[in-house]
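> Quick one: sequence and predicted model below, then my questions.
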Amino acid sequence: MATTTTPALDVRADFPILSREIDGRPLVYLDSAATSQKPAVVVDTMNANIHRGVYRLAQEATDLFEGARARIAAFAGGETATTIFTRNATEAINLVAYAWGREHVGPGDVVLITQMEHHSNIVPWQLLCHETGAELRYLDVADDGTLSLDQLDQELSGGRVKLAAFAHISNVLGTINPVAEMAARVRAAGAMSLVDGSQGVPQLPVDVGAVGADFYAWTGHKALGPTGIGVLHGRREILEAMRPFLGGGDMIRTVDFQESTWNDLPWKFEAGTSMIAEGVGLGAAVDYLAALRMDRVRAHERELTRYALERLAELDGVRVIGPPDADGRGGVISFEVRGVHPHDVAELLNRENVCIRAGHHCAMPLMRRLGVPATARASFGPYTSRADVDALVASLGRTRELFGAS
Ligand SMILES: Cc1ncc(COP(=O)(O)O)c(C=O)c1O
């Protein structure tokens with residue numbers, strides 16, 4: 001019997017795409033961990049501002065962009081000057097790997113990451129380690145989808161870790177990692193920390209000051225905002241001491257024939273023309289989320305997750321991967337259907353307009369750890385409803401019947 005309570009939010013009307021029907025069936029969108037849908041306010045703000053950027057005074061566009069930065073910083077608990085715009089989370093992580101890593105990591109050093117990372121938080125460190133002769137080491141993922149703080153301590157006690165990077169929430173397992181505790185331990189060991197908050201900021205109330213990591217990266221298009229904009233929050237003294245990442249445009253103060261000097265933060269790390277419409281669009285997205293309140297977004301998704309875990313447990317042959325309890329997870333559920341390849345599951349659900357994701361989810365090392373080539377994944381946003389979960393479960397039931405799965 002279901003023990004869940006009604007999810008906290010009812011905001012579907014704010015998301016125009018959710019009223020769309022395909023072949024007379026409603027759209028059941030369960031792929032928010034890949035890219036969230038945008039509320040009408042974000043779409044309208046971006047459309048208005050693209051024209052403004054082109055036709056009105058540049059100063060007006062700059063003011064809108066910098067105003068958005070201030071609100072985005074406040075939303076995540078960061079300072080405006082240390083909130084840097086990038087193209088996405090991937091670029092934010094690369095910024096650190098290049099601008100900080102190439103200067104501070106050398107032969108014999110260790111970069112420590114985890115087996116649950118997205119490729120965006122693996123490959124930049126592989127490139128760094130290959131170039132510098134450092135070693136890339138991994139924290140294990142236990143069978144319940146969690147990391148071990150004891151193993152973290154053990155790795156740190158070796159004295160070679162220069163930087164540790166880990167996800168706030170796994171995009172495959174849904175695991176919420178104890179990032180503040182991890183960052184504190186890394187700091188106490190004299191190393192730097194980076195949190196990949198791509199799945200954290202859209203799902204939890206995040207205060208990057210309280211997390212206490214040296215760097216915190218996230219991406220706009222999973223937080224109801226547009227593609228083409230990401231955010232890196234950094235500790236001021238580290239950003240000030242760091243060399244630039246990309247050169248040109250607004251990142252300079254002076255340029256001479258042989259030498260240049262750098263602009264103040266945050267512009268020192270923002271080369272070239274800014275993505276004004278995207279920044280302003282993300283500003284509208286965080287305004288929207290702030291008005292919903294992130295504690296309510298979290299409560300909503302936790303209740304949906306609890307409900308989905310209960311309903312999926314009713315289905316024979318469906319195995320959920322990751323932490324068993326909704327309190328320890330975000331709104332991301334990977335699962336296997338016995339006897340049916342994840343791609344077939346996704347394809348059959350797609351025929352009923354139930355949009356889930358199948359694949360390695362850009363986490364191939366984690367797939368290897370789990371011993372599977374791929375998983376099916378359903379993920380939620382503030383607009384996801386119980387009816388969406390019911391549609392998922394009903395469609396999965398029909399899939400199992402179709403395959404005669406036992
Ligand atoms: C945990 C995690 N990190 C990083 C990324 C990369 O985000 P982006 O492609 O916007 O840089 C994703 C996207 O799926 C993700 O889920």
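Okay, I see it. Numbering: from 1, shown residues only.

> Around the ligand, which positions in the protein sit nearby?
88-90, 118, 120-121, 167, 171, 196, 198-199, 219, 221, 230, 362 (Cβ under 6 Å from any ligand atom). C-betas here are computed from N, CA, C, even on glycine.

> Looking at those, which are in strands?
Among the residues of the chain next to the ligand, the residues falling in strands (DSSP state E) are Ala167, Asp196, Thr219, Gly230.

> Just the closest of these to Asp143, please.
Taking Cβ to Cβ as the measure, Asp143 lies nearest Ala167 of those, at 18.1 Å.

> So which bits of the helix or strand where Gln59 lies are buried?
Using DSSP states H and E, Gln59 sits in helix 58-75. For helix 58-75, a neighbour-count test (16 or more other Cβ atoms under 10 Å) marks Ala61, Leu64, Phe65, Ala68, Arg69, Arg71, Ile72, Ala73, Phe75 as buried.

> With stretch 247-255 instead?
Those buried within stretch 247-255 under the rule 16+ other Cβ under 10 Å are Met251, Ile252.

> tell me the mean pLDDT over it?
The pLDDT scores in stretch 247-255 average 94.

> contacts for it?
Applying Cβ atoms under 8 Å, 6 or more residues apart in numbering, the contact partners of stretch 247-255 are 244, 260-264, 267-274.

> before we move on, what about stretch 286-300?
7-9, 11, 14, 39, 41-42, 71-72, 75-76, 202-206, 223-225, 382.

> 6 Å instead, please
If you take Cβ atoms under 6 Å, 6 or more residues apart in numbering as the criterion, stretch 286-300 is touched by Pro7, Ala8, Leu9, Pro39, Val41, Arg71, Ile72, Phe75, Leu204, Pro205, Pro382.

> From one end of that stretch to the other, what's the distance?
17 Å (Cα to Cα, to the nearest Å).

> the helices in the chain, which residues?
40-55, 58-75, 89-95, 102-104, 123-132, 149-157, 179-188, 208-211, 236-241, 276-292, 294-313, 342-350, 364-370, 386-402 (DSSP state H).

> among those, which is the most enclosed?
helix 89-95 (a mean of 25; mean count of other Cβ atoms under 10 Å).

> what packs against it?
strand 215-219, strand 230-234 (3 or more Cβ pairs under 6 Å, 6 or more residues apart in numbering; DSSP states H and E).

> ok, now which ones touch the residue nearest to Gly200 when sequence neighbours are not counted?
Nearest non-adjacent residue to Gly200, counting by Cβ to Cβ, 6 or more residues apart in numbering: His168, 3.0 Å away. Listed by Cβ under 6 Å, 6+ apart, the contact set of His168 reads Val179, Val195, Gly197, Gly200.

> what's near enough to touch the residue in the stretch 251-400 of the chain that the ligand sits nearest to?
Going by Cβ to the nearest ligand atom, the ligand is nearest to Cys362 of the stretch 251-400 of the chain, at 5.8 Å. Cys362 makes contact with His118, His119 under the criterion Cβ under 6 Å, 6+ apart.

> What confidence value was assigned to it?
98.

> Switch the buried residues of helix 58-75 over to JSON lines; also include pLDDT and distance to Val186.
Shown next, in JSON lines, are the buried residues of helix 58-75 (pLDDT from 0 to 100; distance: Cβ to Cβ, whole Å):
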{"residue": "Ala61", "pLDDT": "85", "distance to Val186": "39"}
{"residue": "Leu64", "pLDDT": "92", "distance to Val186": "37"}
{"residue": "Phe65", "pLDDT": "94", "distance to Val186": "33"}
{"residue": "Ala68", "pLDDT": "97", "distance to Val186": "31"}
{"residue": "Arg69", "pLDDT": "98", "distance to Val186": "27"}
{"residue": "Arg71", "pLDDT": "98", "distance to Val186": "29"}
{"residue": "Ile72", "pLDDT": "98", "distance to Val186": "25"}
{"residue": "Ala73", "pLDDT": "98", "distance to Val186": "23"}
{"residue": "Phe75", "pLDDT": "98", "distance to Val186": "25"}
